[in-house]
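In: Give the three-dimensional model of this entry:
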Amino acid sequence: MTTRLQNNIRKPINKLNLLAAVTDNDSKPVPETEPKTIAQALKSLVWRKAMDEEFNSLIRNKTWNLVPPSTSKNVIGCKWVFRIKRHPDGTIKQYKARLVARGFHQRPGVDYNETFSPVVKPTTVRLILSVATSQDDIIVASNTPQFLEDFISKISQRFSLKDLGELSYFLGVEILPHPDGLFLSQKKYINDILCKAKMDDVKPVATPLATHAPLMLEAYIVYLGRNPISWTSRKKKTRARSSTETEYRTVASATTEILWIRNLFQELGLTLPTTPIYCDNAGATYVSANPVFHSKMKHLGLDYHFVRENVQSGKLRVSYISTNDQLADALTKPLPRTTYTSMFAKLVFPLGQRF
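Out: Residues are numbered from 1 along each chain as shown. Now for the predicted structure:
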């Protein structure tokens with residue numbers, strides 16, 4: 001037997017292994033990230049297929065009409081946007097490509113006169129999911145199944161629709177089914193932010209803040225039944241002269257959000273009874289309903305006094321609640337671990353298990 005060395009072959013032997021990767025063609029693995037440019041996308045079979053589907057859909061729906069260019073008109077370009085849709089467990093569900101217009105090339109007063117951005121509030125999504133049956137991509141809600149079927153049928157006559165089944169992921173929110181209803185989670189969204197900031201390997205902590213951290217915040221939580229659908233925690237815009245004034249301003253902020261939600265219910269053809277607001281400051285509750293006590297707060301702006309007007313009209317009811325039961329404190333105070341854990345358990349309605 002003649003060895004490699006005897007034949008003056010000194011190149012290292014390539015060690016082979018049996019590892020295999022799923023590929024989109026014979027040589028390239030299935031992409032796990034979204035391409036930033038069209039040049040990157042064209043190198044992958046799955047992204048080229050997604051682009052074909054998008055372009056064919058635009059042609060089928062007669063999205064545009066080809067016309068000769070005009071020297072008096074600004075020609076708006078377009079670009080490809082690529083996104084990966086994932087299942088709740090993180091596996092890839094679909095590769096999506098969208099051809100979008102470069103609207104920022106438009107000139108105001110020449111190419112358009114008005115702008116409108118149909119942005120949905122997270123509160124709206126949570127509210128709809130609390131009261132409606134849902135489908136993916138476009139959430140369709142109705143309390144009459146026949147109306148729902150007729151609506152989808154009419155829309156499908158004009159647009160290309162695909163029923164994706166039960167809602168599982170919408171606008172960055174994971175929707176997980178549970179015997180008691182739906183559990184909304186933004187775990188993947190949070191993990192993506194941590195990965196982007198290169199903090200995905202940091203150690204978790206028991207509480208959001210150290211117990212000695214000074215805070216000057218105002219917060220409220222709005223529940224629909226036992227489901228929290230809206231909340232906020234932010235720095236105070238002005239310095240208050242008393243705790244009563246501080247709490248009253250927070251009640252006023254919560255009132256604004258509640259009135260918006262009540263109007264949304266009216267648009268959905270639903271009515272709400274008197275909405276209670278629970279405040280742990282007795283003085284603020286008196287100011288909301290008692291015009292005599294109100295005279296001591298003349299330095300407050302008149303715009304805040306619409307709280308009392310809505311209480312008198314029967315839309316709202318401001319009631320006192322003990323500080324120990326005030327759930328919004330979890331958003332404003334640096335609580336110790338035991339208190340925070342107990343407060344958090346009350347904050348989210350019990351599901352019997354943690355997701």
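
In: all strands for this structure, in order.
Out: Assigned by DSSP state E, the chain shows strands spanning 78-86, 92-101, 169-170, 173-178, 181-185, 217-224, 227-235, 275-279, 316-320.

In: Give me the angle between the fourth one and strand 78-86.
Out: Right, the one you point to is strand 173-178. With axes from the mean of the first three to the mean of the last three C-alpha atoms, to 10 degrees applied, the angle from strand 173-178 to strand 78-86 works out at 30 degrees.

In: tally of neighbours for Asp280?
Out: 17 (other C-beta atoms under 10 Å). In short, each C-beta sits where N, CA and C put it, glycine included.

In: His87 now?
Out: Here the number of neighbours of His87 (other C-beta under 10 Å) works out to 12.

In: isn't it right next to Lys93, touching?
Out: Yes - counting by C-beta atoms under 8 Å, His87 touches Lys93, with 4.9 Å between them.

In: Pick out the shakiest of the strands of the chain, pLDDT-wise.
Out: In terms of average pLDDT, strand 169-170 trails the rest of the strands of the chain, at a mean of 71.

In: residues in contact with Pro224?
Out: Heads up, residue 224 is Leu, not Pro. For Leu224, the contacting residues are Arg126, Leu127, Ser130, Val131, Ile261, by C-beta atoms under 8 Å, 6 or more residues apart in numbering.

In: Show me which of those are buried.
Out: Arg126, Leu127, Ser130, Ile261 (16 or more other C-beta atoms under 10 Å).

In: which residues touch the closest residue in space to the first one that isn't next to it in sequence?
Out: Leaving aside its sequence neighbours, Arg126 sits nearest to Ile229 (C-beta to C-beta, 6 or more residues apart in numbering; 4.0 Å). The contact partners of Ile229, by C-beta under 8 Å, 6+ apart, come to Thr123, Arg126, Leu127, Ser130, Val222, Tyr223, Ile261.

In: about what we covered before: with respect to pLDDT, which of the buried ones among the contacts of Leu224 ranks lowest?
Out: Ranked by pLDDT, the buried ones among the contacts of Leu224 bottom out at Ser130, which has 76.

In: That one contacts Tyr223, doesn't it?
Out: No - the criterion here is C-beta under 8 Å, and Ser130 misses it with Tyr223 at 9.8 Å.

In: so how far is the lengthiest helix in the chain off the chain centroid?
Out: Longest helix of the chain, by residue count under DSSP state H: helix 243-267. From the chain centre to the centre of helix 243-267 is a distance of 21 Å (C-alpha atoms, centre = their mean, to the nearest Å).

In: Report the inter-axis angle for it versus strand 275-279.
Out: If you take the same axes, to 10 degrees, helix 243-267 sits at 160 degrees to strand 275-279.

In: What residues of helix 243-267 count as buried?
Out: Those would be 244-255, 257-258, 261-262, for helix 243-267 by 16+ other C-beta under 10 Å.

In: so what secondary structure elements neighbour it?
Out: If contacts are counted by 3 or more C-beta pairs under 8 Å, 6 or more residues apart in numbering; DSSP states H and E, helix 243-267 sits against helix 122-131, strand 217-224, strand 227-235, strand 275-279, helix 282-289, helix 306-312, strand 316-320.

In: Any idea which of these gets closest to Pro69?
Out: Among the helices and strands packed on helix 243-267, helix 122-131 comes nearest to Pro69, with 40.5 Å by C-beta to C-beta.

In: just checking, what packs against the closest one?
Out: Contacts defined by 3+ C-beta pairs under 8 Å, 6+ apart place helix 122-131 against strand 173-178, strand 181-185, strand 217-224, strand 227-235, helix 243-267.

In: Next, count neighbours for Ile92.
Out: So Ile92, with other C-beta under 10 Å, has 13 neighbours.

In: Same question for Leu316.
Out: Leu316 - counted by other C-beta under 10 Å - has 23 other residues nearby.

In: Quick check: the closest residue in space to it that isn't next to it in sequence vs Ile258, distance?
Out: For Leu316, ignoring the flanking residues on the chain, the nearest one in space by C-beta to C-beta, 6+ apart is Asn310 at 4.6 Å. Computed with C-beta to C-beta, to the nearest Å, the distance linking Asn310 and Ile258 is 9 Å.

In: Can you work out which residues contact both of those two?
Out: Joint contacts of Asn310 and Ile258 (C-beta under 8 Å, 6+ apart) are Leu316.

In: Okay, now the unreliable bits of the stretch 51-200 of the chain?
Out: 88-89, 116-119, 132-143, 159-167 (pLDDT under 70).

In: The helices and strands packed on helix 243-267: which one's closest to Met343?
Out: Minimum separation from Met343 across the helices and strands packed on helix 243-267 (C-beta to C-beta) falls at strand 217-224, 11.2 Å.

In: tell me which residues in that closest one are buried?
Out: Residues Glu218, Ala219, Tyr220, Ile221, Val222, Tyr223, Leu224 are the ones in strand 217-224 that count as buried (16+ other C-beta under 10 Å).

In: try stretch 195-211
Out: Thr207.

In: and the end-to-end length of it?
Out: Length of stretch 195-211, first residue to last, C-alpha to C-alpha, to the nearest Å: 27 Å.

In: Give the burial count for Gly90, as a bare number.
Out: Counted with other C-beta under 10 Å, Gly90 comes out at 10.
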